[in-house]
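Novice: What follows is a predicted structure for the sequence shown.
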Amino acid sequence: MKTWPLWIAAAIISAFIVHIVAVLLVPPVVMTVAMARMADAGADQAIVHMPPPTAASRSVVRPSPDLAYSVCLFDLSKGPLLVKAKVPETYWSVSAFAHNTDNFFVVNDQQITGDTLEFIIRREEDELAGYSGVPVSFAPSDRGIVLMRMLVTDREQYLEMDPVRRQATCETLSK
Amino acid sequence: MLVCGETACIIRDDSITASKRHRRTMSGFSKLLKILGVIVFAVVVGAGSAWWAILGSVKVSGVQNGAWHTSTAIGSTASGPYMRAQIALTGLLALNKSEAIYFLASEDDEGRPLTGACDYEVTGRNFAARWWSITAYGSDHYLIPNDADLYSYNVASLGIRFAPISKWRINVSVQEQASNWLPVATDDAFSLTLRLYNPSAQIVTDPAAVGLPAIKRLSCRATTGTGATPGLTTDQEAAS
C-alpha cells in the first residue's frame, strides 16, 4: 500500500497546527518577556517611572519619545490592584493590558473629574470589602500591565510635571 | 551432503535473515526520514506562514491611506489572533482607537521601502486631534540612535499647535538637515509611526479619509562597493 498520501497529509496537518500554535503563542510570549524586563526594573513591586524613551530604551518596541511612561505589573492571584494617581496638567492617560495584549481599560486626564484618579483592577469572582465607591475594572487575565503615559512637550514642562506623576501608586490589596 | 545440506541450509537461512534485517533497517530508516521530513515541513511552513500572516495582518485587514496603514482594531478586545500577534511584535501596549490611532508607513508614496540610503521629505497639515507626533523607527522597531537625540516631531515642535491649517515639512535623512531633521540609520530600513491622540470622531470612524502626510523620496546615496565616496543620485538618475 502506498503511504505517501498519508505522509503528505500528516505534513500539512502538522504545519497547520504549528501555524495556529505560533500565532496564538506570540502575544503571551512577547508579553511575558516584556513583563519580565519590567519586573527586573521593579515594576512587580511598585510603580516605576521612566524618563522619555531614547534609542537605549529596549523594553517595549516602538516607544513614543514624546511620552514619559510609568508602569506597574499586576498579578490578581495575589489580590486586586488599587491604582491611585495625581493627574498632571497635560495629556495623561492610564491604560491596563491583559496578558494577551488586549487594552481592557483606558482613561485620560480630560475624562477624570478632579485632580486624582483611583480605581481597582480585580477578577470578577473575587470579593473585596471596604472599597465601595471606588471604580472597578475587571481584568480578563490574572496578570497584566498598568501603563501611564504623560506627554512631554519640553524639558521645563517635564521637570514641572514629573513630580506630579511620581505621586502615583499601585498597591496589591489582600483578598 | 547431509552436513553440506545442513551447512547449506544454515547458510541459506543466514542469508534470508540478513536480507530481512537489511530490509527492516532500510524501512526503519525510510520511516525516520519521512518523520523528519514531516517535522521540518511543519516547522518551516507552519512558522513561516504564521510569520507572513502576522506581519501582513494589518495590510490585509486594516485601512490603507496613501503610504500609511492602520487598523482600528489595534489594542481593542475585538482584535483577532493575527492582529494581536502583529501588535505584540510591532506595537506592544498600543492604545485602543478611543484613545489613539496609529498610522504606520514603511514605504514611500510610490510603494518603495523606506531606507536610510535615501533622503525623504514628509509633508502635511495639522490634524484634528488633541496631540499628534511622527516618529522614526529602525528595522528592529526601536528608536534610531543618533548624536542629536532626535527621534520624532510633533504638533508643538513643528510650531503649528495653534495654526490648524499650516503646512509642515520634516526632512528624513542620515545626514544633518538645515531644518526639521529626522535622522535615520545608514542603509537600514526604517518606518514611520504617526500617532493621533484623542482624534476627532471623524478620524475614528473613517481613518481612510484623513489627509495623511506625503512621503516623497528625494535622492539616494549610491554605493559603488569599490571604496569610492558615496554620492547622491536623484530618483531619475538612480532609475536610469
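Specialist: Done, it's in.
Novice: how many neighbours does residue 90 have?
Specialist: This is for chain A. A:Thr90 has 18 neighbours, counted by other C-beta atoms under 10 Å in any protein chain shown. (C-beta placed from N, C-alpha, C; glycine too.)
Novice: ah, no, chain B please
Specialist: 20.
Novice: got it, and A:Thr169?
Specialist: Applying other C-beta under 10 Å, we find 14 residues neighbouring A:Thr169.
Novice: wait, doesn't it sit right on A:Val48?
Specialist: No: using C-beta atoms under 8 Å, A:Thr169 is not in contact with A:Val48; the gap is 11.7 Å.
Novice: Now B:Ala156. Nearest residue, chain neighbours left out?
Specialist: Using C-beta to C-beta, 6 or more residues apart in numbering or on different chains and skipping residues adjacent in sequence, the residue nearest B:Ala156 is A:Thr153, 4.9 Å away.
Novice: now swap in B:Ile160 and tell me
Specialist: Sequence neighbours aside, B:Ser166 is the residue nearest to B:Ile160 in space, at 4.3 Å (criterion: C-beta to C-beta, 6+ apart).
Novice: who are the neighbours in contact with B:Gln177?
Specialist: Contacts for B:Gln177 (C-beta atoms under 8 Å, 6 or more residues apart in numbering or on different chains) come out as B:Asn171.
Novice: Against chain A, how distant is it?
Specialist: As judged by C-beta to the nearest C-beta, to the nearest Å, B:Gln177 and chain A stand 18 Å apart.
Novice: and that residue, how far is that from B:Leu158?
Specialist: Counting by C-beta to C-beta, to the nearest Å, the separation of B:Gln177 from B:Leu158 is 14 Å.
Novice: same deal with A:Ala10?
Specialist: 58 Å.
Novice: Just confirm the residue nearest to B:Ala156 is within a helix.
Specialist: No: applying DSSP: H, G, I helix; E, B strand; the rest coil, one finds A:Thr153 to be coil, outside a helix.
Novice: Please work out which residue of chain B is closest to chain A.
Specialist: B:Gly46 (2.7 Å; C-beta to the nearest C-beta).
Novice: Let's see the pLDDT reported for the closest residue to that residue other than its chain neighbours.
Specialist: Distance criterion C-beta to C-beta, 6+ apart; nearest residue to B:Gly46, sequence neighbours excluded, is A:Val18 at 2.7 Å. Each residue has a pLDDT score; the one for A:Val18 is 95.
Novice: Cool, thanks, talk later.
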